[in-house]
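Student: This is the structure alone, sequence omitted:
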C-alpha cells in the first residue's frame, strides 16, 4: 500500500479493521436495498475510511505521526482528495464519532477544522454506523462492540449522539 509498509503493525490493524467494517457495512446495505445504496462505493470507501491513521500519534497502533488520533478523519480526507477520490474523502472526514458538528468541535476545543463533519449520504451513514461496531484495541487486536457498549461510549458526547445512533438502529434494521 502506498502509505503503509505491508509488514507494519499499522497496516495489519488498518487492513483487519477495514475488512471488518466493510463486511458490516455491506451487511447493513443488504438490509436496506430499497434505499438503493451504492454497494461498490460502500466497499471501496469502507476499506479507505481510516487511511489517515498513520499521520497520527498512536504508537499502540504503530502510527507515529504528529497529530492526535482524532484528526485521522480530516487527514484521510486530505489524502484521498489528492488521490482524486473526493466522495471517498468525505467518508474519511465524516465517520469520526457518529459525526461532528462545528458546534461539537468548538465546544470541545477539538484539534479539528471548525466545520460540520456529519455523514450526509446514505453510504456515509452506513459506513459510520458500521465503524461503531469495530474498534482497534490497545493490545493491537480488534474487538466487536455490542449495541449497549456503543451507547455507553456515546453517552459522554450527549443525548443527541445517542438519539442519532438509535435512529440509525431503526433505519438500518439492526437486530437488537
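Tutor: Sure, I can see it. Treat the numbers as computed from the prediction; the structure is a model and nothing was measured. Numbers count the residues shown, from 1 in each chain.
Student: which other helices and strands contact the longest helix along the chain?
Tutor: Criterion DSSP state H: the longest helix present in the chain is helix 9-31. Counting by 3 or more C-beta pairs under 8 Å, 6 or more residues apart in numbering; DSSP states H and E, the packing neighbours recorded for helix 9-31 are helix 39-48, helix 122-131, strand 134-136, strand 142-144. No exception for glycine: its C-beta is placed from N, CA and C like everyone else's.
Student: Helix or strand with the lowest mean pLDDT in the chain?
Tutor: Lowest on mean pLDDT, DSSP states H and E among the helices and strands of the chain sits strand 142-144, with a mean of 82.
Student: What average pLDDT does the first helix or strand past that one going along the chain get?
Tutor: Going down the chain from strand 142-144, the next helix or strand is helix 147-155, by DSSP states H and E. Averaging pLDDT along helix 147-155 gives 95.
Student: Where does the prediction get shaky in this structure?
Tutor: Where the chain drops to pLDDT under 70, the residues are 137-141.
Student: Apply 80 and report the result again.
Tutor: Residues of the chain meeting the criterion pLDDT under 80: 1, 136-142, 176.
Student: buried residues in the longest helix of the chain?
Tutor: Using 16 or more other C-beta atoms under 10 Å as the test for burial, helix 9-31 gives 10-11, 13-14, 17-18, 20-22, 24-26, 28-29.
Student: now swap in stretch 130-138 and tell me
Tutor: 130-136.
Student: Give the full set of residues in contact with the nearest residue to residue 118 once chain neighbours are set aside.
Tutor: Counting by C-beta to C-beta, 6 or more residues apart in numbering, residue 118 lies nearest to residue 99, which is 3.7 Å off, once chain neighbours are set aside. Residue 99 makes contact with 117-119, 128, 164, according to C-beta atoms under 8 Å, 6 or more residues apart in numbering.
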